[in-house]
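**Student:** fold the following, please.
(2 chains)
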Amino acid sequence: MNNQEALAAAVSGEDAAIYAYGVLGALLNAGARRRALEALRAHQSWRDRMAHLMPGDTAPVPGIAYDFPMQVIDAGTTRALAQLVENRLVAVYADLAATCEGEQRADAVLAASECATRAVTWGAPSQAFPNDASLT
Amino acid sequence: MPLTGQPRPPLTRRQLLARSTGLAGVFAGAGVLGACGSGATTAGATAAGDKTAGDSKAGGSGASPVATGAQINIAVATSERALIALYTATISAFAQLAPSLEPILRQHEEHLAATGVEVPDPPAQNPPSNLSAAIAALRQAELTAALERRESCLLASEPDFVRTLTFIAASEASHVAALKTVGRNQ
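**Tutor:** From the prediction side, this is the model:
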């Protein structure tokens, strides 16, 4: 995977996360909804930052809709979806960090750290090497 | 169409570190995304590499100082040993925290193992005698570790080593969040 491919993966991953939080935010109440909206804004910000690093209009365009790996029908399943999305993005940003250096790598490590932190905040167990294997 | 497809066997740590998920993976439903192919899988990622210094790769900007993998590994291993000692001492002092803290302790042991190096025992750790202060000390130690690991990422050069350090940095950042709920009912 080269740097442009890793950036494209990050943009696509953020697009999927943005979509997911849009859906699950509507199913949550009060504090959890506020946290979902904060996460949504964070993912939008990272999506824009990653897309800006790609030349011209080469950034992937968002999908119109995305399938979820589980039925998202209540607070429990919305949290599970959030955990899944966040932990998967950790690996995406780890891949990106491996293809770049300097400021871009610092961003990738920070983004990975934020995602792993949000996964735990949504109830996922912490992991030595955060991934989604235990969540799907 | 569900996203996940075939059930997967559990991955080994080595596979996890080596795995390179393109983001087809976040949601790869047929006909709904297709924006990005799944990434190639690279083999053999452990934290033992990074022998080369000063090579440059695509992407990023600016020149970073580059430490050798061996130097970074020793620094990470030393830090992980200190964290392990702190968790061990805290669990010893507050046995009621063991169910919450032992999983995190084991994760630090995995981080240490990933470095593949031996380092001397750290000085004896004396956690605060007050429970909430002891948890706060752990949180501060994790925060410091996460920041140090991020710095190590910037110094490393070998891609698989950078990936491993990124996972460790992310794990330790998540520990700070995990510790927020520890001890609330003690």
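**Student:** three-state assignment of the closest residue to A:Gln4 other than its chain neighbours?
**Tutor:** Leaving aside its sequence neighbours, A:Gln4 sits nearest to A:Met54 (CB to CB, 6 or more residues apart in numbering or on different chains; 6.6 Å). Every residue, glycine included, has its C-beta placed from N, CA and C. Here A:Met54 is recorded as coil under DSSP: H, G, I helix; E, B strand; the rest coil.
**Student:** what's near enough to touch A:Met54?
**Tutor:** Contacts for A:Met54 (CB atoms under 8 Å, 6 or more residues apart in numbering or on different chains) come out as A:Gln4, A:Leu7, A:Ala8, A:Val11.
**Student:** looking at those, state which has the most neighbours.
**Tutor:** Compared across these, A:Val11 has the highest neighbour count, 28 neighbours, by other CB atoms under 10 Å in any protein chain shown.
**Student:** now the helices for chain A?
**Tutor:** A:3-27, A:30-52, A:75-97, A:102-121 (DSSP state H).
**Student:** ok, now chain B?
**Tutor:** For chain B, helices defined by DSSP H occupy the ranges B:13-18, B:69-93, B:98-115, B:131-155, B:159-178.
**Student:** compare the ones you listed and give me the one nearest A:Ala26.
**Tutor:** Evaluated with CB to CB, the helices of chain B place helix B:159-178 nearest to A:Ala26, the distance being 24.2 Å.
**Student:** so what does the closest one touch, helix or strand wise?
**Tutor:** If contacts are counted by 3 or more CB pairs under 8 Å, 6 or more residues apart in numbering or on different chains; DSSP states H and E, helix B:159-178 sits against helix A:75-97, helix A:102-121, helix B:13-18, helix B:69-93, helix B:98-115, helix B:131-155.
**Student:** again, only this time at 6 Å
**Tutor:** The helices and strands touching helix B:159-178, judged by 3 or more CB pairs under 6 Å, 6 or more residues apart in numbering or on different chains; DSSP states H and E, are helix A:75-97, helix A:102-121, helix B:98-115, helix B:131-155.
**Student:** tell me which of those sits most buried.
**Tutor:** helix A:75-97 (a mean of 26; mean count of other CB atoms under 10 Å in any protein chain shown).
**Student:** contacting residues around that helix?
**Tutor:** Helix A:75-97 has contacts (CB atoms under 6 Å, 6 or more residues apart in numbering or on different chains) with A:1, A:6, A:9-10, A:13, A:17, A:20, A:24, A:27-28, A:68, A:70, A:72, A:105, A:108-109, A:111-112, A:115-116, A:118-119, A:122-124, A:130-132, A:135, B:20-21, B:23, B:25-26, B:162-163, B:166-167, B:170.
**Student:** from the chain's centre, how far out does that helix sit?
**Tutor:** On the basis of CA atoms, centre = their mean, to the nearest Å, helix A:75-97 sits 5 Å off its chain's mean C-alpha point.
**Student:** can you check what angle separates that helix from helix A:30-52?
**Tutor:** Put simply, helix A:75-97 runs at 20 degrees to helix A:30-52, going by axes from the mean of the first three to the mean of the last three CA atoms, to 10 degrees.
**Student:** only alpha carbons, please: show helix A:75-97 as CSV.
**Tutor:** The C-alpha atoms that make up helix A:75-97 are tabulated as CSV, following Å, rounded to 0.1, in the frame of the first residue of the first chain:
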residue,chain,number,x,y,z
ALA,A,75,-28.7,1.6,22.2
GLY,A,76,-26.7,-1.6,22.5
THR,A,77,-26.3,-2.2,18.8
THR,A,78,-25.6,1.5,18.0
ARG,A,79,-22.7,1.3,20.5
ALA,A,80,-21.5,-1.9,18.9
LEU,A,81,-21.5,-0.2,15.5
ALA,A,82,-19.5,2.8,16.9
GLN,A,83,-17.0,0.5,18.5
LEU,A,84,-16.6,-1.4,15.2
VAL,A,85,-16.1,1.7,13.1
GLU,A,86,-13.6,3.3,15.5
ASN,A,87,-11.5,0.2,15.9
ARG,A,88,-11.4,-0.5,12.2
LEU,A,89,-10.2,3.0,11.6
VAL,A,90,-7.3,2.5,14.0
ALA,A,91,-5.8,-0.1,11.6
VAL,A,92,-6.5,2.2,8.6
TYR,A,93,-4.5,5.0,10.2
ALA,A,94,-1.7,2.7,11.3
ASP,A,95,-1.4,1.7,7.7
LEU,A,96,-1.3,5.4,6.7
ALA,A,97,1.4,6.2,9.4
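**Student:** pLDDT (mean, whole number) over it?
**Tutor:** Across helix A:75-97, pLDDT averages out at 95.
**Student:** swap in stretch A:105-121?
**Tutor:** Rounded mean pLDDT across stretch A:105-121 is 98.
**Student:** what residues are up against the residue of chain A positioned farthest from its centre?
**Tutor:** Centroid-distance maximum for chain A: A:Gly56 at 23.2 Å, with CA atoms, centre = their mean. With contact set as CB under 6 Å, 6+ apart, A:Gly56 has no partners.
**Student:** so what's B:Ile104 closest to, chain neighbours aside?
**Tutor:** The spatial neighbour of B:Ile104 that comes closest, neighbours along the chain excluded (CB to CB, 6+ apart), is B:His175 at 5.5 Å.
**Student:** I am finished for the moment; much appreciated.
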